[in-house]
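Engineer: would you be able to build a 3D model of this:
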Amino acid sequence: MDRRRFFRTGILGALAVAGAPMVNLGRCRLHAASPVEVSTRAVDLVLGSTVVDMLGLLTLDWSQLARWRKQPEQFVETDYRRLEASGVNVFHPAVETSTADAFEGAARWIGGWNRLLGAHPCFLQRVDTLTDLVHVPVLGKVGVVVGFQNSTHFRTAGDVGLFFRHGQRVSQLTYNAANRLGSGAYAAKDHGLTRYGAEIVAEMNRVGMAIDVSHCGDRTSAEAVETSRRPVLITHSNCRALNPGHPRCKPDSVIRRVARHGGVMGITVVRAFIGRKRAPDLADLLDHFDHVARVAGAEHVGLGSDTDLTAINPRTGRANPLYAIRGLDQEIRVFQIVDGLLRRGWADGDLRLMLGGNFLRALASTLPDDPRQPLRSEETLRRDPFCPAPRPQGPIPNRR
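Structural biologist: Numbering: from 1, shown residues only. Below is the predicted model of the structure:
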């Protein structure tokens with residue numbers, strides 16, 4: 001990776017700042033408004049990897065998102081450049097589906113995504129297959145994995161295939177409460193995966209939709225893993241060993257079980273999930289990456305931020321206190337996380353896995369493409385000449 005090419009691509013311009021980054025003895029500031037410096041090695045690693053945020057939102061401004069989905073022309077190149085500047089190649093902007101009519105609500109939601117993504121083939125790509133997932137960064141696009149944080153929109157197992165055909169690729173079995181499939185993390189009692197839940201799991205396995213247990217209770221999570229024939233994901237959670245008693249954090253027993261079956265756990269930047277300290281800091285966040293890697297292996301931890309690029313409250317224009325982590329600049333958090341883990345001695349190869357290689361591998365076991373399918377070289381990929389130039393990329397990560 002040539003850093004000079006990176007600085008020339010306009011990624012910094014997407015952050016709407018003037019001037020070049022300040023580089024000093026192997027460290028640099030990625031935008032002038034922030035005093036935070038990261039190592040150029042961290043920059044190289046991020047830009048040379050396919051970075052996947054398995055609970056990454058395009059925006060916390062729901063009104064803005066509604067406009068994009070109803071009037072796709074409202075999404076413009078500067079919006080794309082902001083996404084690009086984050087370092088994330090693939091986002092999974094899932095939401096919860098418990099509306100008065102979950103089926104209709106989910107159908108409208110997925111329809112809006114298809115309208116937005118279909119209107120911007122130069123900028124955005126719905127990830128339907130493994131080929132899409134791997135080729136998105138090569139083409140200079142931002143990938144979107146469509147999913148939901150609940151499965152109440154499945155009225156019967158037949159609805160799994162219906163939503164799959166319309167683009168859904170991930171579904172949490174439950175949100176915080178109990179539903180027909182199982183028990184959520186905040187349910188008074190966790191009764192485990194139901195018979196209907198097992199039926200849905202089997203159908204998700206069959207069609208190629210990934211199972212997510214981020215909000216499930218411990219028993220429901222464990223039984224879902226044992227029932228599934230494919231890896232189960234925890235797209236966004238944190239470690240209960242570091243935050244005792246918090247129901248949305250996962251115990252080591254569940255983390256190990258998910259890992260033994262090939263799954264991956266994404267770490268969030270939600271303040272309450274990180275720890276009980278009044279003001280958790282970047283080191284506390286990094287502890288969760290370290291912990292999963294020690295408990296289950298570096299090949300089973302990833303990113304699942306559970307917020308958008310800036311974590312700004314759209315109503316106040318100020319930083320959302322739900323994501324207040326001392327020392328963390330949300331706009332460049334991926335670079336900072338990698339920089340911090342480098343300081344802790346993690347090898348480049350392990351960090352490439354954490355950045356996206358692990359989720360790529362797990363999704364390769366679920367998405368409809370054969371993971372052994374040979375990939376076309378970058379030179380053979382045809383691009384629209386009117387699309388913006390793609391960002392430079394390193395080699396495609398190992399999909400083992």
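
Engineer: skip the chain neighbours and tell me the closest residue to G192.
Structural biologist: Using CB to CB, 6 or more residues apart in numbering and skipping the chain neighbours, the partner closest in space to G192 is R219 (4.4 Å). C-beta coordinates here come from the backbone N, C-alpha and C atoms, glycine included.

Engineer: what helix or strand is the one you found located in?
Structural biologist: Assigning secondary structure by DSSP states H and E places R219 in helix 218-227.

Engineer: the helices in the stretch 251-400 of the chain, which residues?
Structural biologist: With helices called from DSSP state H, counting those that start in this stretch, the stretch 251-400 of the chain shows them at 252-260, 271-274, 282-296, 333-343, 348-352, 358-364.

Engineer: same deal with the stretch 101-250 of the chain?
Structural biologist: Using DSSP H, counting those that start in this stretch, the helices of the stretch 101-250 of the chain run over 102-119, 130-135, 158-165, 195-207, 218-227.

Engineer: just put these in a markdown table and tack on mean neighbour count.
Structural biologist: Listed next are the helices of the stretch 101-250 of the chain as a markdown table, based on neighbours: other CB atoms under 10 Å:
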| stretch | mean neighbour count |
| --- | --- |
| helix 102-119 | 17 |
| helix 130-135 | 21 |
| helix 158-165 | 17 |
| helix 195-207 | 19 |
| helix 218-227 | 22 |
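
Engineer: nearest to V334, out of those?
Structural biologist: Across the helices of the stretch 101-250 of the chain, V334 has its closest neighbour in helix 130-135 (17.7 Å, CB to CB).

Engineer: starting at the chain centroid, how far to the closest one?
Structural biologist: With CA atoms, centre = their mean, to the nearest Å as the basis, helix 130-135 stands 15 Å off its chain's centre.

Engineer: check which helices and strands that helix sits against.
Structural biologist: helix 358-364 (3 or more CB pairs under 8 Å, 6 or more residues apart in numbering; DSSP states H and E).

Engineer: that older thread, mean pLDDT lowest for which of the helices of the stretch 101-250 of the chain?
Structural biologist: Ranked by mean pLDDT, the helices of the stretch 101-250 of the chain bottom out at helix 130-135, which scores a mean of 89.

Engineer: can I get the CA coordinates of it in CSV?
Structural biologist: Taking Å, rounded to 0.1, in the frame of the first residue of the first chain, the C-alpha atoms of helix 130-135 are listed here in CSV:
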residue,chain,number,x,y,z
LEU,A,130,-19.8,-13.8,-1.4
THR,A,131,-18.6,-12.4,-4.7
ASP,A,132,-20.3,-9.1,-3.9
LEU,A,133,-18.7,-9.0,-0.5
VAL,A,134,-15.2,-9.6,-1.8
HIS,A,135,-15.4,-7.3,-4.9
